[in-house]
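Fold the stuff below for me.
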Amino acid sequence: MKPLTVVARFTPGPSSEGALRSLAGSPLVDALLLASPEPIDPTMAGARLLPGESLQSGRTLDIVLDAARTPYLLLLPDGAPESIGPRALERMIGAAQSTGSGIVYSDYHESGKETQVLHPLCNYQPGSVRDDFDFGAMLLFSVSAARKARETYGPVPDVRFAGLYDLRLKVSIDSPVTHLPEALYSLPARAAGPAAGERLFAYLDPRNNTAQKEMEQVFTDYLKRIGAYVPGSRLKPFDAGRMPFPVEASVIIPVRNRKETIAEAAASGLSQKTTFPFNVIVVDNHSTDGTTSVLRKLAARNPTLHHVVPGRTGLAIGGCWNEALRSAACGRYAVQLDSDDLYRTPHVLQQIVDTLRDGSYAMVIGSYTLVDFTLEEIAPGLIDHREWTGGNGHNNALRVNGLGAPRAFATAVMRETGFPDVSYGEDYAACLRICREYKVGRIYESLYLCRRWRGNTDSGLDLDAANRNNAFKDGVRTAEILARQKMSRAAG
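The predicted structure is shown next:
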């Protein structure tokens, strides 16, 4: 029996059609199934038409699993690659057989005009649960693992956008997901698409609301199956208590080498109008560009600005936050302000602290507007994270890559948990830790002007750096899932 059924979204074009014909003629391929809104070329040997045009559809995937007569399915959800290596299929099938994997995927080459560039992908881990995890263009599924997952955890739901997401989550519960760190096929160099900010925040676009709701439901069901779901009723309010603090709130600004923006950021914090005492703590991480001189002058003129230079060198942003939280000057609540950003009005701090108090929250997250260096609004504008819901936001937070800003924390809680000493994802890790246990407040109006420019920590990243960032957040989610499973077992 031939081992492989190929299932592809049909995209007309010479290179795609050539690759599909090559696959159809392989001695390993039993059948070629195409999802396409257009008629299939009758000369494409062995091709059969599937209903619909997307392999994200739950109905289409159920039909495929029912129809498969082979041990493995090769899914090409975005169409056929430009070219496939001569022994790529054997390599993927062999890896699935030797490891007992439910899913196998590989790196690939991006082909330009004259060269091919390796495009490495991240290794899969238990926290690789984001719906935009990059598997590349070819996924090999074990049919037996997929059918077992369907029988054990229920059929693929009748969804338009989240069917493949549902299937790979279910398969991953009991079967390994194997990444082959070798390029087995080639794709055309990625064409220019939306601006980076639009791609980064595509999941917040109202036009994607239906898809996101499907993804959230699929993911929530997955958390319940693996014992990592936290019912909203289990979250507790934060008791601020009577522990004395020097002020009610501190605006926290970690900084290194931001002489162009630090004075403006500090002024934004100092200009807040409140009914309670507050201060601004700037943790100057041994700047070398003149930032330190700017801060010394500001602190000399403003007694509520505390200029802190850590005793250690080499701290990341998370370590700077920990320095501020441990400072004797830190207030009852610690409120974020990045060194290149601004509060939108002088009343933001009052609004945040009122929300913390009124809701007995351990954390409040606001909304912000993306701007360029000159503070002109840029696409997509307001980032309000309305995907968060009071009943399930703390679970869905594990699926998405960010939760919003500015963030404000109960200092007593953050002194216990702390931030990881890294400069990417430290805030995400802290937010996941808090919303595992405490109620979280949200403010959906814009409080904050967030500059996107060359100085951002996630600006202009090469592929290796982007992969490191994604792998780090996947690791954060892995640890958080394990912690939530342990908590659920303890709760009975």
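
Tell me which stretches of the stretch 301-450 of the chain form strands.
Using DSSP state E, counting those that start in this stretch, the strands assigned to the stretch 301-450 of the chain run over residues 305-308, 333-336, 342-343, 363-371, 377-383, 407-410, 440-451.

go on, the stretch 51-200 of the chain?
Defined through DSSP E, counting those that start in this stretch, the strands belonging to the stretch 51-200 of the chain, from first to last, are 72-76, 83-84, 103-111, 116-119, 139-142, 177-188.

Now render the ones you listed as TSV, adding distance to D354.
Placement of C-beta: from N, CA and C, glycine included. Putting those into TSV (distance: least, CB to CB, whole Å) gives the following:
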stretch	distance to D354
strand 72-76	50
strand 83-84	59
strand 103-111	48
strand 116-119	48
strand 139-142	49
strand 177-188	46
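
so which of the ones you listed comes closest to S36?
Across the strands of the stretch 51-200 of the chain, S36 has its closest neighbour in strand 72-76 (12.0 Å, CB to CB).

if we can go back for a sec, weakest of the strands of the stretch 301-450 of the chain in terms of mean pLDDT?
Confidence, taken as mean pLDDT, is least for strand 377-383 of those (a mean of 92).

Quickly run through the sheet partners of that one, with directions.
strand 363-371 (antiparallel) (DSSP bridges).

Point out the other helices and strands that the helix ranked longest in the chain packs with.
Once the chain is assigned using DSSP state H, the helix that runs over the most residues is helix 463-491. Counting contacts by 3 or more CB pairs under 8 Å, 6 or more residues apart in numbering; DSSP states H and E, the secondary-structure elements packed against helix 463-491 are helix 209-226, helix 426-435.

Phi, psi for F278 please.
phi -150, psi 170 (degrees, to the nearest 10).

so what pLDDT did it get?
For F278, the predicted pLDDT is 98.

Neighbours of the residue nearest to it when sequence neighbours are not counted, how many?
Closest residue to F278 in three dimensions, ignoring its sequence neighbours and counting by CB to CB, 6 or more residues apart in numbering: A249, at 4.4 Å. Using other CB atoms under 10 Å, the number of residues around A249 comes to 26.

Look at A249 and report its pLDDT.
If you check A249, the pLDDT there is 98.

again with E38
You'll see E38 listed with a pLDDT of 69.

Tell me the pLDDT of T291.
Each residue has a pLDDT score; the one for T291 is 97.

who's in contact with the residue nearest to it when sequence neighbours are not counted?
Distances taken as CB to CB, 6+ apart place K259 nearest to T291, at 4.7 Å, with adjacent residues excluded. Contacts for K259 (CB atoms under 8 Å, 6 or more residues apart in numbering) come out as S287, D289, G290, T291, V294.

for G232, same thing?
G390, G391, N392, H394.

State the distance from it to P12.
According to CB to CB, to the nearest Å, G232 stands 48 Å off from P12.

cool, and F219?
33 Å.

ok, now A24?
16 Å.

neighbour-wise, which of the two wins?
Neighbour totals were compared for A24 and P12, and A24 leads with 17 against 11 (other CB under 10 Å).

and the gap between that one and F472?
As defined by CB to CB, A24 lies at a distance of 41 Å from F472.

CA-only coordinates of stretch 163-175, as PDB, when you get a sec.
This file holds the C-alpha atoms of stretch 163-175, laid out as PDB (Å, rounded to 0.1, in the frame of the first residue of the first chain):
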ATOM      1  CA  GLY A 163     -10.200  23.400  12.000                       C
ATOM      2  CA  LEU A 164      -6.500  22.700  11.400                       C
ATOM      3  CA  TYR A 165      -5.700  24.500  14.600                       C
ATOM      4  CA  ASP A 166      -8.100  22.200  16.500                       C
ATOM      5  CA  LEU A 167      -6.700  19.100  14.800                       C
ATOM      6  CA  ARG A 168      -3.000  19.800  15.600                       C
ATOM      7  CA  LEU A 169      -3.800  20.700  19.200                       C
ATOM      8  CA  LYS A 170      -5.700  17.500  19.700                       C
ATOM      9  CA  VAL A 171      -3.000  15.400  18.000                       C
ATOM     10  CA  SER A 172      -0.300  17.000  20.100                       C
ATOM     11  CA  ILE A 173      -1.900  15.900  23.300                       C
ATOM     12  CA  ASP A 174      -0.900  12.200  22.900                       C
ATOM     13  CA  SER A 175       1.600  12.300  20.000                       C
END
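
Now do it: everything it contacts.
For stretch 163-175, using CB under 8 Å, 6+ apart, the contacting residues are 55-61, 75, 77, 100-103, 124, 126, 129, 131, 135, 139, 141-142, 145-146, 148-150, 152-154, 156-157, 159, 177, 215, 218-219, 221-222, 225-226.

Go again with 6 Å.
In this structure, residues lying in contact with stretch 163-175 by CB atoms under 6 Å, 6 or more residues apart in numbering are 56-58, 61, 102-103, 131, 145-146, 149, 153, 156, 215, 218, 222.

which of these are buried?
Buried positions within the contacts of stretch 163-175, assessed by neighbour count (16 or more other CB atoms under 10 Å), are 56-58, 61, 102-103, 131, 145-146, 149, 153, 156, 215, 218, 222.

so who does P277 touch?
The neighbours of P277, taking CB under 6 Å, 6+ apart as the test, are V247, E248.

The one 3 residues further on too?
Neighbour list for V280: V251, G269, L270, L305 [criterion: CB under 6 Å, 6+ apart].

If we ignore the residues flanking it in sequence, what's nearest L76?
With CB to CB, 6+ apart as the criterion, L76 has its nearest non-adjacent residue at 3.9 Å, and that residue is A8.

count of neighbours near that neighbour?
Residues near A8, counting by other CB under 10 Å: 28.

on that earlier part again, can you add secondary structure and give the contacts of K259 back as TSV?
TSV is the format used below for those (DSSP: H, G, I helix; E, B strand; the rest coil):
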residue	secondary structure
S287	coil
D289	coil
G290	coil
T291	helix
V294	helix
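
which of these tops the neighbour count?
Among the contacts of K259, the one with the most neighbours (other CB under 10 Å) is T291, at 23 neighbours.

Could I get the contacting residues of it?
Residues touching T291, when contacts are defined by CB under 6 Å, 6+ apart, comprise N257, R258, K259, I262.

Can you classify the third one by secondary structure?
Just to be clear, that refers to K259. For K259, the assignment made with three-state DSSP gives coil.

any idea how far A266 is from it?
To A266, K259 is 12 Å away according to CB to CB.

and if you look at the first one?
With distances taken as CB to CB, N257 is found 15 Å from A266.

Skip the chain neighbours and tell me the closest residue to V348.
L447 (4.7 Å).

residues contacting the one you found?
Counting by CB under 6 Å, 6+ apart, L447 makes contact with R344, V348, G366.

In contact with the spatially closest residue to A430 that is not a sequence neighbour, which residues are there?
For A430, the nearest residue in space outside its immediate sequence neighbours is F419; the separation is 5.3 Å by CB to CB, 6+ apart. Under the criterion of CB under 6 Å, 6+ apart, the contact partners of F419 comprise G318, W321, N322, E426, A430.
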